[in-house]
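S.K.: How does the following fold in three dimensions:
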Amino acid sequence: MSKLVTAPESATTSIYDRIGVRTIINAAGATTAVGGTLMPQEVIDAMISASKSFVVLDELNRAVGKKIAEVTGAEDGFVTAGSAAAMLVAVAACIAGTDPVKVRMLPNSDGLANEVIIHRMHRIGYDQMFRAAGGHFVEIGMPRRTEAWELEAAITEKTACVIWIDSPATGPGPLDFDLLVEIAHRHNVPVVVDAASTLPPKHHITRWIERGADLAIYSGGKGIRGPQDSGLLAGRADLIAAARANGAPATGVGRAAKVSKEAMAGLYVALDRFASYDHDAEHAERSEMAHMIAGALDGLDNAEIVPVTDFEAYPMPVVKLYPANGASWTPTQLGELLAAGEPSIHGKMEWDHYGIHTHNLYPGEPEQIIEAVRAVMGRL
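M.R.: As a prediction, this is how the structure comes out:
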């Protein structure tokens, strides 16, 4: 088996030592709060190279946009400051288009077609970005069920777009996506898909455009392993042109979310790498890692240990710890104690379980996690 999971290069003296901030073991996955992912050396090299010359940012963004289009199968692409910025400029594009009067109005969208249709079970913590652009939510669906007539009834002359969230954080019961696209397009309403955290596997980067999404959003700093403050918006050429009009370096509502030339160059190389990388082989290695962690923790009498290796559900395998046998500990308690320890371990504190995500674990770290979890569980 190939060994794709190798320890990152480390300097003798870390810049974080100099600043006075301790480093952590990232068992939370590719999440912004703990630094996204570590970039491969070729991405870092591209960013260093880009830092040594000046370019016209709009020209650079258009060139990287062509790479986004190539990788996603879309007509065009636009580099954003993370996927949250892509959410903002996507809705701004749907509301204001390229009309300079409308562009300058936002986020004041009074009198414009500013309604954003979204499933109730698709509401997530990040969807404020859609409203930051001037969008007004119109919710459809009930817990575990949505009817086609609800979407039909929600679409009016005030509708800007329909949102679809691709995330394990959403609930069950939305409309079938293909039906949603058929209804929206019959009314000439664009469909925007937020799939920020769903990469890899590789085919996830093309599936929404293939199925009819007009805009698709991905993070550049998670599974693509580009700069953390990069994201990509892919889709119809006219809507990408509208995103440019509303985003940086233009002076629209997205100006604050500007992207550096270094991040654009890094994302370009990261996309090339993503397209040719053997994600299946890495997933196999990290599945072994997850099963090793789960096996070592299986003897705990106050927790149920469940390894999840479904590539469609999570970008990389996860080990979930649930309270069991009458245990009263909570995922928050476990997470806070592990983060306060040495080394500091950060996992995902969900409402019903504590998650150990393998996406950013490196040799030696699983063993440290096992030791720490067993020690903390003994105290709990």
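S.K.: so where do the strands sit in the stretch 251-380 of the chain?
M.R.: Taking DSSP state E, counting those that start in this stretch as the test, the strands found in the stretch 251-380 of the chain are 303-308, 318-323, 344-349, 354-357.
S.K.: and the longest helix for the protein?
M.R.: Longest helix in the chain by number of residues, with DSSP state H as the criterion: helix 279-297.
S.K.: rewinding a little: could the strands of the stretch 251-380 of the chain go into JSON lines alongside distance to K52, mean neighbour count and mean pLDDT?
M.R.: From N, CA and C alone the C-beta is placed, and that goes for glycine too. Written out in JSON lines, the entries for the strands of the stretch 251-380 of the chain read as follows (distance: least, CB to CB, whole Å; neighbours: other CB atoms under 10 Å; pLDDT from 0 to 100):
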{"stretch": "strand 303-308", "distance to K52": "44", "mean neighbour count": "18", "mean pLDDT": "96"}
{"stretch": "strand 318-323", "distance to K52": "40", "mean neighbour count": "22", "mean pLDDT": "98"}
{"stretch": "strand 344-349", "distance to K52": "34", "mean neighbour count": "20", "mean pLDDT": "97"}
{"stretch": "strand 354-357", "distance to K52": "36", "mean neighbour count": "25", "mean pLDDT": "98"}
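S.K.: so which of those strands comes closest to N26?
M.R.: Ranking these by proximity to N26 (CB to CB) places strand 344-349 first, at 6.1 Å.
S.K.: Show me what the closest one is packed up against.
M.R.: Under the contact criterion of 3 or more CB pairs under 8 Å, 6 or more residues apart in numbering; DSSP states H and E, strand 344-349 touches strand 24-27, helix 331-340, strand 354-357, helix 365-379.
S.K.: can you redo the strands of the stretch 251-380 of the chain as TSV with distance to V64?
M.R.: Listed next are the strands of the stretch 251-380 of the chain as TSV, based on distance: least, CB to CB, whole Å:
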stretch	distance to V64
strand 303-308	34
strand 318-323	31
strand 344-349	31
strand 354-357	28
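S.K.: Between the ones you listed, which one is closest to I117.
M.R.: strand 344-349 (29.6 Å).
S.K.: next one: the closest one to chain centre, how far?
M.R.: Mean-position distance between strand 344-349 and its chain equals 18 Å (CA atoms, centre = their mean, to the nearest Å).
S.K.: can you check stretch 246-257 too?
M.R.: In this view, stretch 246-257 has its centroid 21 Å away from the chain centroid, taken as CA atoms, centre = their mean.
S.K.: ok, now stretch 68-83?
M.R.: Mean C-alpha position of stretch 68-83 versus that of the full chain (CA atoms, centre = their mean) differs by 14 Å.
S.K.: With stretch 70-88 instead?
M.R.: On the basis of CA atoms, centre = their mean, stretch 70-88 is displaced by 12 Å from the centre of the chain it belongs to.
S.K.: what pLDDT, on average, does that stretch get?
M.R.: Stretch 70-88 shows a mean pLDDT of 98.
S.K.: tell me the most buried of the helices and strands packed on strand 344-349?
M.R.: Burial among the helices and strands packed on strand 344-349, expressed as mean neighbours by mean count of other CB atoms under 10 Å, is greatest for strand 354-357, which shows a mean of 25.
S.K.: What helices and strands are in contact with that one?
M.R.: In this structure, strand 354-357 packs against strand 24-27, strand 318-323, helix 331-340, strand 344-349, with contacts taken as 3+ CB pairs under 8 Å, 6+ apart.
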